[in-house]
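Peer 1: Below is the sequence, then the predicted model.
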Amino acid sequence: MKILVIEDEKKVASFIKKGLEAGSYEVTLCYDGADGLKKATSGEFDLVLLDNVLPKMDGLTVLSQLRGTGSHIPVLMLTAKTETTDIVTGLDAGADDFMTKPFVFAELEARVKALIRKSVQSRGSDIRYANLQIDPVDHRVWRDKTEITLSGKEYQILAYLIRNAETPVSRQEIADNCWDEPFSKFTNIVDVYINYLRKKVDGPFSPKLINTVRGYGYVLKNKLS
């Protein structure tokens, strides 16, 4: 799941990003309201964490204009203000939830998960391909009715493959979308993780879904269909 964090305090933004990525979310940071609104309306994110006090455009204006486009993306507002009227104003403007600073990260993560779960359920919940099923909220994976335990990175790669099912993706595309740190295109780290996934996701099951595209990368595809 992709989360956009619009927060001008870079230490706070970095703290949130690090914590959410440890939970296998993909996080993009934005430090001002104008750029945040542009990214939020792109359609590529599943949730927005929106600070109220921002340069160029304040959070309430961002939220109002975002909702004005017809977007129903979940928005969790962050603010240092604790007055009830401020919270009510934010909720009336279209916020789905509200947290005041400072906050405990565990509570932020729980609220993020609750908002995403609600949004995913309204769209049809789990993502399926052939007899592979993933829960994008709790990051659980099944083949048929057998649950498979994956590491955080393995889940990220599998989720990227299933979102691009039947479309070949290069090793570099996998690296760019599943790792924050850039690394040389000559590294075999993607291949190593694909081998881990194959042993868990394909090894005991049929049909085999993770296929090599020679000289390019990989594709999630049921060759029997």
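Peer 2: Alright, I've got the coordinates. Numbering: from 1, shown residues only.
Peer 1: Helices of this structure, start to end?
Peer 2: For the chain, the helices defined by DSSP state H occupy 10-22, 33-40, 59-68, 84-92, 105-123, 152-163, 171-178, 189-197.
Peer 1: Measure how the third one sits relative to helix 33-40, angle-wise.
Peer 2: It refers to helix 59-68. Helix 59-68 runs at 30 degrees relative to helix 33-40, counting by axes from the mean of the first three to the mean of the last three CA atoms, to 10 degrees.
Peer 1: Pull out the buried residues from helix 59-68.
Peer 2: By neighbour count on 16 or more other CB atoms under 10 Å, the buried set for helix 59-68 is 59-60, 62-63, 65-66. Every residue, glycine included, has its C-beta placed from N, CA and C.
Peer 1: if I look at the closest residue to residue 66 other than its chain neighbours, how far off is residue 127?
Peer 2: Closest residue to residue 66 apart from its sequence neighbours, by CB to CB, 6 or more residues apart in numbering: residue 40 at 5.3 Å. Applying CB to CB, to the nearest Å, the value for residue 40 to residue 127 is 22 Å.
Peer 1: Would you mind splitting the protein into its domains for me?
Peer 2: 2-123, 127-220 (automatic domain parsing).
Peer 1: What mean pLDDT does the first one get?
Peer 2: Put plainly, it is domain 2-123. Averaging pLDDT along domain 2-123 yields 86.
Peer 1: just the last one next, same as before
Peer 2: Average pLDDT, domain 127-220: 87.
Peer 1: From start to finish, how long is it in a straight line?
Peer 2: End-to-end span of domain 127-220 (CA to CA, to the nearest Å): 13 Å.
Peer 1: where does it sit relative to the chain's centre, distance-wise?
Peer 2: What separates the centre of domain 127-220 from the centre of its chain is 15 Å, taken as CA atoms, centre = their mean, to the nearest Å.
Peer 1: Could you export the helices of the chain as a markdown table, including distance to residue 216?
Peer 2: As requested, the helices of the chain are exported to a markdown table (distance: least, CB to CB, whole Å):
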| stretch | distance to residue 216 |
| --- | --- |
| helix 10-22 | 27 |
| helix 33-40 | 29 |
| helix 59-68 | 37 |
| helix 84-92 | 47 |
| helix 105-123 | 31 |
| helix 152-163 | 14 |
| helix 171-178 | 8 |
| helix 189-197 | 12 |
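Peer 1: since we're on residue 113, how many residues are nearby?
Peer 2: Using other CB atoms under 10 Å, the number of residues around residue 113 comes to 17.
Peer 1: Same check on residue 110?
Peer 2: 11.
Peer 1: cool, and residue 144?
Peer 2: So residue 144, with other CB under 10 Å, has 10 neighbours.
Peer 1: My guess is it contacts residue 131. True?
Peer 2: Yes. Applying CB atoms under 8 Å, one finds residue 144 in contact with residue 131, separated by 5.0 Å.
Peer 1: Mutual contacts of the two, please.
Peer 2: residue 205 (CB atoms under 8 Å, 6 or more residues apart in numbering).
Peer 1: thinking residue 47 is in contact with residue 119, fair?
Peer 2: Yes. Contact criterion CB under 8 Å: residue 47 and residue 119 qualify, at 7.2 Å.
Peer 1: neighbour-wise, which of these two wins?
Peer 2: A count of neighbours by other CB under 10 Å puts residue 47 above the other of residue 47 and residue 119, at 23 against 18.
Peer 1: what is that one paired to in the beta sheet?
Peer 2: residue 3 (DSSP bridges).
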